[in-house]
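Visitor: coordinates for the following, if possible.
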Amino acid sequence: MSFIVPLLVMNGLGLLCLAIIIFLKRVIAVYGESTLTINNDKKLIVEGGEFLAKALFQNKIYIPSACGGKGTCGFCKVKIKEGISDPLPIEEILLHHKDISSGYRLSCQVKVRRDMGLEIDEELLAIKEYQGVIDSSERLTRDIKRISIKIEEPKEGISFKSGQYILIEVGSAETRAYSIASSTRFSDRVAIEVKLIPNGLGSSYLHSLTEGDKIVFFGPYGQFYLRDTHHKIICVAGGVGLAPMKSIIDDALRRYPNRDVELYYGSRTMADLYDHELYITMAANYDRFSYYPALEKVEEKDREKYPVDEGFVNKSIAQYLENGENSEAYLCGPGPMIDAVVKILIKKGVPEIRILYDKF
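Guide: Numbering: from 1, shown residues only. I've put the predicted structure just below:
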């Protein structure tokens, strides 16, 4: 029986060594260099062991991400044609099963362990890095600021479509997405509108900036932009979701003299309803533009200058929208608002294929 104890000790040591080897392989393994082949053409040599999103970023390929690589937004998906690995549980949650079977993965969750073949949209390959300076920071409500950024590099500025967004660098290897609230007429600057979120990394950082502070951003991104059609334009915004609508409305009134534009804007109270005076003036000056504000809580003084509905914005749409079948809609706001509005728009005859939205 005396041999049992040494045997058990040896087995225990063996299991411990195996556990250490597995741990080291998973956590600090060195994979050497790997080759990323993009669209069967461009080749990048990267260090193995890096997350794919970071490896691409270091090579000036700026895949979108609104969550800072935490795997919660799903924006950073790329198609992996060679060297693909099994999907992680978080990818199975965020990606459609058809996307997964087609080879899509979240680049912030995939580690480069071997040579890989990738398929990346040419529009993403054209994304640039911009360096700018804060031109102004204006408080619009108790928790929303409008921040104007003057672009210093590249010198030619930025070209974007109304409704698109940019990614702003808000910390080391951290970015956050914000819609462009300024007109496409200006290439030397962009404006964003930022709601302060308690303990929010991006909004806290941006609200702390003052005139003259430097800033870095990437873009433009997104398929949420004004389409070149003949349909009436329905804009629906909740809170700071008004930001992309400002660019879309400016673009529509300037470029399409025969298209009507309607803005349905919902907020909690009059104090939260920013740029209200601007849209009252626009409704008076543009025959093609109509403005329908709605508040969860309305006081009599709120109606002194302009009609304001009480209730959620979908109620206003149900009341005022006509000719839905000849309309297209652009929605930006909280998820529950978007879901409720989509149902109303479809009931009003707006084809689902012509309803575009950006949830936050």
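Visitor: below-threshold pLDDT in the stretch 1-150 of the chain: ranges please.
Guide: Applying pLDDT under 70 to the stretch 1-150 of the chain flags the ranges 1-31.
Visitor: mind listing the strands for it?
Guide: 33-38, 42-47, 77-82, 104-106, 116-119, 128-139, 144-153 (DSSP state E, counting those that start in this stretch).
Visitor: output the ones you listed in CSV; the columns should cover mean neighbour count and distance to Ser182.
Guide: The C-beta positions use only the backbone N, C-alpha and C, and glycine is treated the same way. Shown next, in CSV, are these (neighbours: other Cβ atoms under 10 Å; distance: least, Cβ to Cβ, whole Å):
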stretch, mean neighbour count, distance to Ser182
strand 33-38, 17, 32
strand 42-47, 14, 32
strand 77-82, 18, 28
strand 104-106, 23, 31
strand 116-119, 20, 33
strand 128-139, 16, 11
strand 144-153, 19, 8
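Visitor: dump those into CSV; add distance to Leu209 as well.
Guide: As requested, those are exported to CSV (distance: least, Cβ to Cβ, whole Å):
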stretch, distance to Leu209
strand 33-38, 34
strand 42-47, 33
strand 77-82, 31
strand 104-106, 30
strand 116-119, 35
strand 128-139, 5
strand 144-153, 7
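Visitor: which stretch among those strands approaches Ser327 most closely?
Guide: Nearest of the strands of the stretch 1-150 of the chain to Ser327, taken as Cβ to Cβ: strand 144-153 at 28.3 Å.
Visitor: just checking: what are the partner strands of the closest one?
Guide: strand 128-139 (antiparallel), strand 189-195 (antiparallel) (DSSP bridges).
Visitor: got those strands as a markdown table, with distance to Val341 columns?
Guide: Converted to a markdown table, the strands paired with strand 144-153 look like this (distance: least, Cβ to Cβ, whole Å):
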| stretch | distance to Val341 |
| --- | --- |
| strand 128-139 | 28 |
| strand 189-195 | 19 |
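Visitor: closest to Ser102 out of those strands?
Guide: Evaluated over those, closeness to Ser102 peaks at strand 128-139, with 28.1 Å, by Cβ to Cβ.
Visitor: identify the residues contacting that closest one?
Guide: Under the criterion Cβ atoms under 8 Å, 6 or more residues apart in numbering, residues 60, 62, 145-154, 158, 166, 189-190, 209-219 lie in contact with strand 128-139.
Visitor: hmm, back to that, of all the strands paired with strand 144-153, which one is nearest Leu94?
Guide: For the strands paired with strand 144-153, proximity to Leu94 was assessed by Cβ to Cβ; strand 189-195 is nearest, at 23.9 Å.
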